[in-house]
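Undergrad: Give me a model of this one.
(one chain, ligands or ions: 1)
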Amino acid sequence: MSKINPFIQIRRDLHLIPELGFKEFKTQSYLLNYLNSLPQEYIEIKTWKTGIFVRIKGLSPSKTIGYRADIDGLPIVEETGLPFKSNHENEMHACGHDMHMSIALGLITHFVHNRINDNLLFIFQPAEEGPGGAEPMLNTDIMTEWKPDMILALHIAPEYAVGEIAVKEGLLFANTSELFIDLKGKGGHAAYPHHTNDMVVAACSLVSQLQTIIARNVDPLDSAVITIGKITGGTVQNIIAENARLEGTIRTLSVESMKKVKKRIEAIVHGVGVGYECEVKIDYGSMYHQVYNEEQLTREFMEFVRKETNIHVIKCKEAMTGEDFGYMLEEIPGFMFWLGVQSEYGLHHAKLNPNEDAIVTAINFISKYISYKGN
Ligand SMILES: CC(=O)N[C@@H](CCC[C@H](N)C(=O)O)C(=O)O
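TA: Predicted structure coming up:
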């Protein structure tokens, strides 16, 4: 029987134990165990909350190259039926961060055994799905001391085949803001609606009105998204709901559009408050800066991969996904790219099942690129 590739095994081990943002305790301990099993002579490991910084000292460094992998899972009940499906109730690596981590460990292993001139800094970052670990990690003393001169990261892409990557210079991912709206009216008996202010009816109306912002307030040549991913309200089938809560996210391609969309959300929510005679409260939760790929480095990366590897490079459009890696790119020149993993089901789906061959493919071509950049 053929032996499974060690980094595929690592991905499966990590897939079993997904954890939500800043609760990645088992994940951190798994990563540390692996890192501590490597020859320690040239690596330094520091932890920050549930995250980890790993520096590999170069032979004759003139700069530091950074690489970031995110480590958190999502609150989803996994439906893949895989033998290594999540052990954690209502938690799943449904955004591929298990793949991201195993690729990063593969790269570290490669460079511990094949040192290059420049220093390397690997960042295992918690809480990408929220509330965001990149910005606070950037502000640590460790990052100030070990700050990379350039940085890169990848995100798995189910819509591309293994052996393909997709990338573009400039704007790659949107600005994001979470959105939480609480409505409080007057509950009561299901048979006496005229004595109540029904928050289920108010919430339904609000969801429809919010979509008019995209259809009627955003320039059709610009792009924005408002998604309400969760609605809660009421208590039981024959009681009119006193409370309702909408949880969602806003995506825009510019900071200006984000401001405009929020202004319209505030006006509409206020209108619902007046119209349905209820109390309203908006909370924007966490916000992510757009992912903007530094032009020259990205073009050079695309050219290198096209010429020097067997990877097919696709120039893609920007996407409305968000990524707090955008904060790192605001301070450090670099880029992010999509890694093809071909899955019938997409990101954030309970049946996401990335093709694991992409792990070894990624380790091979990224290590070539990093060796080229770091001499
Ligand atoms: C790559 C990816 O899927 N990222 C997430 C980031 C979410 C940030 C935050 N919780 C929000 O929803 O605004 C995404 O949903 O794009």
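Undergrad: And M1, what's its pLDDT?
TA: In this prediction, M1 carries a pLDDT score of 60.
Undergrad: I'd like to know how many residues surround the residue of the stretch 201-350 of the chain at minimum distance from the ligand.
TA: At 3.5 Å from the ligand, T249 is the closest residue in the stretch 201-350 of the chain, using C-beta to the nearest ligand atom. Where you see a C-beta, it was placed from the backbone N, CA and C, and this is true even at glycine. Summarising burial for T249: neighbours were counted as other C-beta atoms under 10 Å, giving 21.
Undergrad: any idea how far it lies from L138?
TA: 22 Å (C-beta to C-beta, to the nearest Å).
Undergrad: was I right about the residue of the stretch 201-350 of the chain closest to the ligand contacting T227?
TA: Yes: contact criterion C-beta atoms under 8 Å: T249 and T227 qualify, at 5.5 Å.
Undergrad: one step back: tell me the backbone dihedrals of the residue of the stretch 201-350 of the chain closest to the ligand, please.
TA: Per-residue torsions, T249: phi -150, psi 150 (degrees, to the nearest 10).
Undergrad: any chance you could map the strands in the stretch 101-250 of the chain?
TA: With DSSP state E, counting those that start in this stretch applied, the stretch 101-250 of the chain shows strands at 119-125, 150-157, 164-167, 170-173, 175-184, 188-189, 224-233, 239-240, 243-252, listed in chain order.
Undergrad: Reformat those as CSV; add mean pLDDT and distance to L14.
TA: Compiled in CSV, those are given as follows (pLDDT from 0 to 100; distance: least, C-beta to C-beta, whole Å):
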stretch, mean pLDDT, distance to L14
strand 119-125, 98, 11
strand 150-157, 98, 13
strand 164-167, 98, 22
strand 170-173, 98, 24
strand 175-184, 98, 25
strand 188-189, 98, 49
strand 224-233, 98, 25
strand 239-240, 98, 44
strand 243-252, 98, 26
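Undergrad: which of those is buried the deepest?
TA: Mean neighbours per residue, mean count of other C-beta atoms under 10 Å, is largest over those for strand 119-125, with a mean of 26.
Undergrad: so does it get close to the ligand?
TA: No: figure legend: strand 119-125 not in contact with the ligand (C-beta under 6 Å from any ligand atom); closest approach 12.4 Å.
Undergrad: helices or strands next to that strand in the packing?
TA: Counting by 3 or more C-beta pairs under 8 Å, 6 or more residues apart in numbering; DSSP states H and E, the packing neighbours recorded for strand 119-125 are strand 51-56, strand 64-70, helix 97-113, helix 134-138.
Undergrad: chain center to the last one, what's the gap?
TA: The reference is to helix 134-138. With C-alpha atoms, centre = their mean, to the nearest Å as the basis, helix 134-138 stands 14 Å off its chain's centre.
Undergrad: Does it pack against any helices or strands, and if so which?
TA: strand 119-125, helix 325-331.
Undergrad: Tabulate these in a markdown table, adding columns for distance to K315.
TA: Output for these, formatted as a markdown table (distance: least, C-beta to C-beta, whole Å):
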| stretch | distance to K315 |
| --- | --- |
| strand 119-125 | 27 |
| helix 325-331 | 18 |
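Undergrad: neighbours around A161, how many?
TA: A count of nearby residues for A161, using other C-beta under 10 Å, gives 13.
Undergrad: In this structure it contacts L339, no?
TA: No: the pair A161 and L339 does not pass the contact test of C-beta under 8 Å, sitting 10.6 Å apart.
Undergrad: so what's M199 up against?
TA: Listed by C-beta atoms under 8 Å, 6 or more residues apart in numbering, the contact set of M199 reads L183, K184, G185, G187, G233, G234, A241, E242, N243, A244, Y276, C278.
Undergrad: which residue sits closest to it, ignoring its sequence neighbours?
TA: A244 (3.9 Å; C-beta to C-beta, 6 or more residues apart in numbering).
Undergrad: Quick one: name the residues of the stretch 201-350 of the chain near the ligand.
TA: By the rule C-beta under 6 Å from any ligand atom, the part of the stretch 201-350 of the chain lying against the ligand is T249, Y288, T321, G322, E323, L347.
Undergrad: farthest-separated two in the residues you listed?
TA: Y288 and L347 (15.5 Å; C-beta to C-beta).
Undergrad: okay, the residues of the stretch 201-350 of the chain next to the ligand in a markdown table with secondary structure next?
TA: Compiled in a markdown table, these are given as follows (DSSP: H, G, I helix; E, B strand; the rest coil):
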| residue | secondary structure |
| --- | --- |
| T249 | strand |
| Y288 | strand |
| T321 | coil |
| G322 | coil |
| E323 | coil |
| L347 | coil |
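Undergrad: Against the ligand, how distant is N375?
TA: Taken as C-beta to the nearest ligand atom, to the nearest Å, the spacing of N375 relative to the ligand amounts to 32 Å.
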